[in-house]
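1. Based on what follows, work out the 3D shape:
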Amino acid sequence: MVLARLLSPEDFGLVAMVAVMTGILGVFRDGGLSMATVQREDITHSQVSVLFWLNTAISLGLTAIGVACSPLVAWIYGDSRLVLITCVTASNFLISGLGVQHRALATRQMMFGALASIEIIGRVLGVVVAILIAYATGSYWAILATTLVGSLVSTLGCWGVIRWLPGLPRRGTGVMPMVKFGGNMMGAAALNYVSRNADTFILGLTTSPSALGIYSRAYMLLLMPSRQILSPISSVTIPSLSRLTGEPDAFKRLFIRQAKLVTSMASLAIGFAIAAAPEVVAIVLGDQWKDAVWVFWFLSPGAFVSMTNISGSWVCATHGRPDRQRKIAMVVAPIYVVSFLIGSIWGVCGVAASYSIACVAMRHPAFVYALRGMPVSPADIWGLTIRPILLVVPMCVAGVLLSILWTPSLVVGTSVKLLMLVATGVIGVGVGWLPHPRAVINQLRKKAE
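-> Below is the predicted model:
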């Protein structure tokens, strides 16, 4: 909120140009080896040591590649400022790569309170440093500071919490199945990254940095609520589900309980963001970002469907079948890229609309393949998802129509949309389509304990 007022859309666009190029390297930093550590039923000190050194070597190599490719990134976009931005961004690979296995061990041991504290401290320090830099210089370096400081705090914090020191790598530790598992996870992640970020790359080539900045902030702001919900619940859910793969009925019960919690909370958050898009953009970003409202609305169908993405990854990852995710991504990625190219004819809003169309069209076929022979079926996931979406659709439609036909003050508009959110929540709980808030609080409290 502060940076959006101290910096310009162009600043965010420049960083987004670099992020989409270096982000593909970032996918390989983890190597899929953190999930291999979390998912495996039994693991030895020697195996984790080998994985640690693999992560370190990969991260160091990615940093070197990022620095070496910085002139190429600047040449592609035709902006010399991107050389130094790329070099600084690439240094983050090594910083965060050194903490991958420590974070995985903390997740495996379900030390979620400690991980949450580290995350919060890193975010707060990163924001403080970024605001100071933005206030002093008004430069895009403030945006980069947020990520670098957060990664440094995260790595140091995970080392401090786990107190595990890697040994020297040795042969014969039986780590190859874990590397293969990680390779499939990494392949799926890389292809998914391409399909999800091709829009940013294409817009960087076909539009101005300011237009790209508006698109990237609208995308971030719309999906941020669901991601903030999904990430911590996933951290709790995946280790728990991994221990129930031999008990299909227990696995399905836990999955449905967790997925219902995710879809209920995320649908309300996304629905309100869509209904109150002008107010949300004005409050969080400021008046100079008002063009992001229409991008918000064109992205909204894809945002709803994206809530279900995590369900397939929960099931495949915990059952040791990331190869299915990789194969799905091999089919889906080209479709997304082509749709973005077509959408770019109509500019930023066209790309946003193409994202939603591709996301909706590919979701069910992906589930059918990923969930074959699994305890959870596509019908189970849609059964959890359709009702919350149908519940918030009237709120979204009414909110969009009000925003187009009526121009109230910020206070009045926000108040009306909040009343609509409360009414939607009350109706949802009343008809049984949403869990009662007391049940949600009790469920979250049990997880915290």
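2. Name the helix or strand of the protein that has the lowest mean pLDDT.
-> For the chain, counting by mean pLDDT, DSSP states H and E, helix 437-448 ranks last in confidence among helices and strands (a mean of 61).
3. And for residue 401, the neighbour number?
-> 11 (other CB atoms under 10 Å). Backbone N, C-alpha and C define where each C-beta goes, glycine included.
4. From residue 415, how far off is it?
-> 17 Å (CB to CB, to the nearest Å).
5. ranges for the strands of the stretch 251-400 of the chain?
-> Assigned strands in the stretch 251-400 of the chain: none (criterion: DSSP state E, counting those that start in this stretch).
6. any idea which residue sits dead centre in this protein?
-> Against the mean C-alpha coordinate of the chain, by CA atoms, centre = their mean, the closest residue is residue 227 at 5.4 Å.
7. And for residue 205, the neighbour number?
-> For residue 205, using other CB under 10 Å, the count is 13.
8. for the stretch 151-300 of the chain, which spans come out with low pLDDT?
-> Low-confidence segments of the stretch 151-300 of the chain (pLDDT under 70): 225.
9. what comes up buried for the helix ranked longest in the chain?
-> Looking across the chain with DSSP state H, the single longest helix is helix 209-242. Neighbour-count burial for helix 209-242 flags 209-219, 221-223, 225-226, 229-230, 232-239, 241-242 (criterion: 16 or more other CB atoms under 10 Å).
10. so how far is residue 259 from residue 230?
-> In terms of CB to CB, residue 230 sits 10 Å off from residue 259.
11. now swap in residue 380 and tell me
-> 8 Å.
12. These two: who's more crowded?
-> residue 259 (24 against 19).
13. So that one sits against residue 388, correct?
-> No: using CB atoms under 8 Å, residue 259 makes no contact with residue 388, being 10.8 Å away.
14. dump the residue contacts of residue 355.
-> Applying CB atoms under 8 Å, 6 or more residues apart in numbering, we find residue 355 in contact with 199, 299, 302, 336, 339-340, 343.
15. Nearest to residue 395, out of those: which one, please.
-> Ranked by distance to residue 395 (CB to CB), the contacts of residue 355 are led by residue 299 at 16.9 Å.
16. residues contacting the closest one?
-> 218-219, 222-223, 352, 355-356.
17. So which of these is the closest to residue 96?
-> residue 223 (21.3 Å).
18. which residue sits closest to that closest one in space, ignoring its chain neighbours?
-> Nearest non-adjacent residue to residue 223, counting by CB to CB, 6 or more residues apart in numbering: residue 303, 5.8 Å away.
19. Can you check what pLDDT the model gives residue 337?
-> With respect to pLDDT, residue 337 scores 90.
20. I meant to write residue 36 there.
-> 73.
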